[in-house]
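[1] structural data only, the sequence is not supplied:
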């Protein structure tokens, strides 16, 4: 009984460690794509060019994969690296962070539902997490992976549509070629100081 219980809990928490690389990548994109990520990755792309977004993401992924490949949470990594005291501090910190971010996302989603369909903000604040709770209880971590995959598809479709509309219908830009020409003109007049020989690929 106990072995079956723990096996089921392990599968619920880790999806049996059977999730493939592509699905894991889509989950990371889905869960890490929010306002601060988009702004900062664009900022380092402007400062360090092509290598900026790569190293921005690598700092949060490669060392974790190398040093704690079997960890489930950031708190496990902290405990292995700094001990029980730091682990307790990070447990409190992560709990408070999760509460704040969850409240922010719920209120943001409720405000969007209210603006689009006139749904009561309080009702939406209860209905949105209810759906998440139902599919997570039914499918465990694997269900959240599949949902995150769908979120990634939606995010990429929206980005492609917006980029296409901005590049092709804007009266100030007009086409990808005009955007490139404007960037080259701005680059030549005030290139970033950190870039080697004003190259856009260094």
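    Thanks, I have it. As the structure is a prediction and not an experimental result, all values here were calculated from the model.

[2] make it CA atoms for all contacts and neighbour counts henceforth
    Will do.

[3] and residue 122, what does it touch?
    When contacts are counted by Cα atoms under 8 Å, 6 or more residues apart in numbering, residue 122 is found next to residue 110.

[4] report pLDDT for it.
    pLDDT, residue 122: 90.

[5] any idea how far it lies from residue 76?
    Relative to residue 76, residue 122 is positioned 35 Å away (Cα to Cα, to the nearest Å).

[6] one more: residue 169?
    In terms of Cα to Cα, residue 169 sits 49 Å off from residue 76.

[7] other residues contacting stretch 59-68?
    Outside stretch 59-68, the residues that touch it by Cα under 8 Å, 6+ apart are residue 77.

[8] what mean pLDDT does that stretch have?
    For stretch 59-68, the mean confidence score works out to 72.

[9] okay, buried residues for it please.
    The neighbour-count check on stretch 59-68 (16 or more other Cα atoms under 10 Å) flags residue 68 as buried.

[10] ditto for stretch 163-174
    Buried residues in stretch 163-174, defined by neighbour count with 16+ other Cα under 10 Å: 166-167, 173.

[11] gap between the biggest helix by length in the chain and the chain center?
    Among all segments of the chain classified by DSSP state H, the helix with the greatest residue count is helix 121-169. Relative to its chain's centre, helix 121-169 lies at 12 Å (Cα atoms, centre = their mean, to the nearest Å).

[12] output the below-cut-off pLDDT ranges for the chain.
    Low-confidence regions of the chain, defined here as pLDDT under 70, cover residues 1-19, 35, 60, 187, 190-202.

[13] residue closest to the middle of it?
    Against the mean C-alpha coordinate of the chain, by Cα atoms, centre = their mean, the closest residue is residue 32 at 1.1 Å.

[14] what about the strands in this structure?
    Assigned strands in the chain: none (criterion: DSSP state E).

[15] quick one, helices of this structure?
    Using DSSP H, helices in the chain cover 2-14, 21-32, 35-48, 51-58, 62-67, 74-82, 84-117, 121-169, 176-189.

[16] what sits against residue 149?
    Shown in contact with residue 149 (Cα under 8 Å, 6+ apart): 23, 26-27, 30.

[17] how is the protein divided into domains?
    With automatic domain parsing serving as the domain definition, the record reports that the chain contains domains spanning 20-65+139-202, 68-119.

[18] and these: which comes nearest residue 129?
    Among the domains of the chain, domain 68-119 comes nearest to residue 129, with 7.7 Å by Cα to Cα.

[19] off-centre distance for that closest one?
    Taking Cα atoms, centre = their mean, one finds the center of domain 68-119 at 13 Å from the center of the full chain.

[20] make TSV out of the buried residues of stretch 163-174 and add distance to residue 106.
    As requested, these are arranged in TSV below (distance: Cα to Cα, whole Å):
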residue	distance to residue 106
166	29
167	32
173	36
